[in-house]
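Peer 1: Sharing a model that was predicted from the sequence below.
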Protein chains: 2
Amino acid sequence: MTQLRNMNNGKMVNSKEVAAYANVSQATVSRVFSGQTNIKEKTRQRVLEAAEELGYRPNAIARGLTLNRSNLIALVAINVVNPHYNAIINKVADRIQEMGREPLFFVSEEEKNLDEILSQVLQYRVDAIIILSTSISSQMAAECLKIQVPVVVFNKYTVNKSIMTVCSDNVQAGWMAANYLFEKGCDSFAFIGSNTFLGTSKDRLRGFNDCLNEKGYENCIVNMVPYTYEDGRKAMKSILEADKSVNAVFCAGDILALGAMDAVKYEYGLRIPEDIAVIGFDNIDVASWSPYLLTTFEQQIHQMLETTFKYLKDKLNGKQVSEGLILFECKIVERSST
Amino acid sequence: MTQLRNMNNGKMVNSKEVAAYANVSQATVSRVFSGQTNIKEKTRQRVLEAAEELGYRPNAIARGLTLNRSNLIALVAINVVNPHYNAIINKVADRIQEMGREPLFFVSEEEKNLDEILSQVLQYRVDAIIILSTSISSQMAAECLKIQVPVVVFNKYTVNKSIMTVCSDNVQAGWMAANYLFEKGCDSFAFIGSNTFLGTSKDRLRGFNDCLNEKGYENCIVNMVPYTYEDGRKAMKSILEADKSVNAVFCAGDILALGAMDAVKYEYGLRIPEDIAVIGFDNIDVASWSPYLLTTFEQQIHQMLETTFKYLKDKLNGKQVSEGLILFECKIVERSST
């Protein structure tokens, strides 16, 4: 045995060698490792013992090719700068592993090359694709559908009935933010959004302005900036320089809101919420810490993941499931910043 | 063409179909897609056009099997609760893609099953393995070495000359922290570490106590807790309840330090650094924000990644490179908490 190992000269033992060692056919080894039951228990034991002794590992990739699936689920993410997304990525990876599959991870700095990335993803014969926070072209979606690779667009509004899309209702949340601030007695509004996730920011802004208009206000001051704490600070300063009367700011992400709060407190010496109320989005950990206690929106990530993985499991099990957009309501987590 | 597509009935076009359509042999198609140059330009064009028209995608996995590599690099991470690790994971994933490979991501809640995970990783015939913040058994390391899959242990101290290990010098950093606090005039010390990364915390504590002992102090008060903001707060409270004289706290991670700072300020009404100096580890974004301005350690992540990927590239190119531990010095980033 040791001899065979050494003779093998640094390469992995293959099923042929196991077959020779156990004195069975290579097909029998394959049958044992693909979990087939029509094998004598004695033979099965002999194969397993030979495999154990030789240090044989079945080749997941070759098995994937034979069974026409790789056991891989691609996770495609663009521009992962939001700590909120990192938490989602970890949760998605956990769920994929709970399904007995492995996440194959694709990241990209830019949205525009997504079709190119997906083209590469498909080369790995993945079982399914989850696209995080960016959308997919109709053409590529159609192509995936045709070759029976289920796709879920997670956390990005997409109005295409042939694409399974699981997303927060950002327009509604924007409306809720304005209504909430209005009820708190605010009467001069601003919005800080991010051009890093422009589509989502615009949806939140649209709902925000819709509500303001319903209440008889004009559209609010808007500042779209990159998604960093420093940019949140700068945006808040430029808003207060433009209009000192602003007493309510809705930020499309917590990092921007935390920067805005610190500008209000440390650069203008104003009080939150007495002088200016601030509301954020995502409910990241820091939002609940003592210096901030930020009122913010929580997305129903757990339910969104449930829906995503139920769809994928059903599709992979060959069930008839329909695609389309499913929207989830966001909830206000009330703290002391409003 | 459309007809052939439709006839293909939802399955991916294979190289045989491309060959038939372009009227060349299947071997020629393979040669074109493996980038070989001994092909007439006219033939190459005809193959590429046929592939384009039929929507053919070369099978990365099958190609990997033929070339005996998968183009995948496994990234194995245990217990990813530190936002600092998320940043590292993103950077590692970027580097893997810069190498023209894809990261295959394995996460696990628990350290003890690492050998089991690695056994699974090897089934994917990965080109290399990067293990984040946890160590590998000598037996498994030897096994990877034997089948010529290079392994790097990143950010976890491992004293095994046959394992390539890239790590911060945590013992030295602990020594530096104590020396720095001593020079600031502190004379009553405490340490908050995390049982979530116990080995690393213990190394930092060892250096910290070494320096205190050199200066004639006894070992300091120690509190090991899970890695959360709330646990940092609680740890700080239990330290101040045990000894009101403490005027310097070294925390083995920024999240703990930020919790400790808020306990000092919001629960005891004490001043930082006048009453208590606090020093953290990792230099996460929040550490630099106005309410905190935390003095902390920065690890040389960029240089550690350079070393990791130089080793992997050299190994994959068949160069002779030696394994072993490489330690990187940490630097103090001075702010107002000390």
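Peer 2: Yep, it's here.
Peer 1: Just confirm A:Met46 contacts A:Thr28, I think it does.
Peer 2: For the record, residue A:46 is Arg, not Met. No: with contact defined as Cβ atoms under 8 Å, A:Arg46 does not reach A:Thr28; the gap is 9.3 Å. The way it works is simple: take the backbone N, C-alpha and C, and place the C-beta from them, glycine included.
Peer 1: and for those two, which residues touch both?
Peer 2: Common neighbours of A:Arg46 and A:Thr28, using Cβ atoms under 8 Å, 6 or more residues apart in numbering or on different chains, are A:Ala22.
Peer 1: Neighbour count for these two, which is higher?
Peer 2: Applying other Cβ atoms under 10 Å in any protein chain shown to A:Arg46 and A:Thr28 shows that A:Thr28 carries more neighbours, namely 21 against 17.
Peer 1: right, and that one touches A:Ala19 too?
Peer 2: Yes: the pair A:Thr28 / A:Ala19 is scored as a contact, 6.8 Å apart, by Cβ under 8 Å.
Peer 1: any common contacting residues for those two?
Peer 2: A:Val47.
Peer 1: where along the stretch 201-338 of chain A do the strands fall?
Peer 2: All strands of the stretch 201-338 of chain A, identified by DSSP state E, counting those that start in this stretch, fall at A:221-225, A:248-251, A:277-279, A:296-298, A:325-328, A:331-333.
Peer 1: Kindly tell me how buried the closest residue in space to A:Glu329 that isn't next to it in sequence is, as a neighbour count.
Peer 2: Using Cβ to Cβ, 6 or more residues apart in numbering or on different chains and skipping residues adjacent in sequence, the residue nearest A:Glu329 is A:Asp169, 5.6 Å away. Residues near A:Asp169, counting by other Cβ under 10 Å, number 20.
Peer 1: tell me the pLDDT at A:Asp169?
Peer 2: For A:Asp169, the pLDDT comes out at 97.
Peer 1: What separation do you get for whatever residue of the stretch 101-250 of chain A ends up closest to chain B and A:Phe106?
Peer 2: For the stretch 101-250 of chain A and chain B, the shortest gap (Cβ to the nearest Cβ) falls at A:Gln123, measuring 3.7 Å. Noted for A:Gln123: a distance of 11 Å to A:Phe106, by Cβ to Cβ, to the nearest Å.
Peer 1: neighbour-wise, which of those two wins?
Peer 2: A:Phe106 (24 against 19).
Peer 1: just checking, that one touches A:Gln120?
Peer 2: Yes: counting by Cβ under 8 Å, A:Gln120 is a contact partner of A:Phe106 at 7.4 Å.
Peer 1: List the residues that are in contact with both of those two.
Peer 2: Common contacts of A:Phe106 and A:Gln120 (Cβ under 8 Å, 6+ apart): B:Glu102.
Peer 1: who touches A:Val222 in this structure?
Peer 2: A:Ala190, A:Phe191, A:Gly193, A:Leu205.
Peer 1: and it, bridged to which residues?
Peer 2: As for beta bridges, A:Val222 partners with A:Phe191 under DSSP bridges.
Peer 1: And the pLDDT for it?
Peer 2: 97.
Peer 1: now do the one 10 residues further on
Peer 2: Here, the pLDDT recorded for A:Gly232 equals 98.
Peer 1: Count the neighbours of the closest residue to it other than its chain neighbours for me.
Peer 2: Counting by Cβ to Cβ, 6+ apart, A:Gly232 lies nearest to A:Gly259, which is 2.5 Å off, once chain neighbours are set aside. As a burial measure, A:Gly259 scores 26 neighbours (other Cβ under 10 Å).
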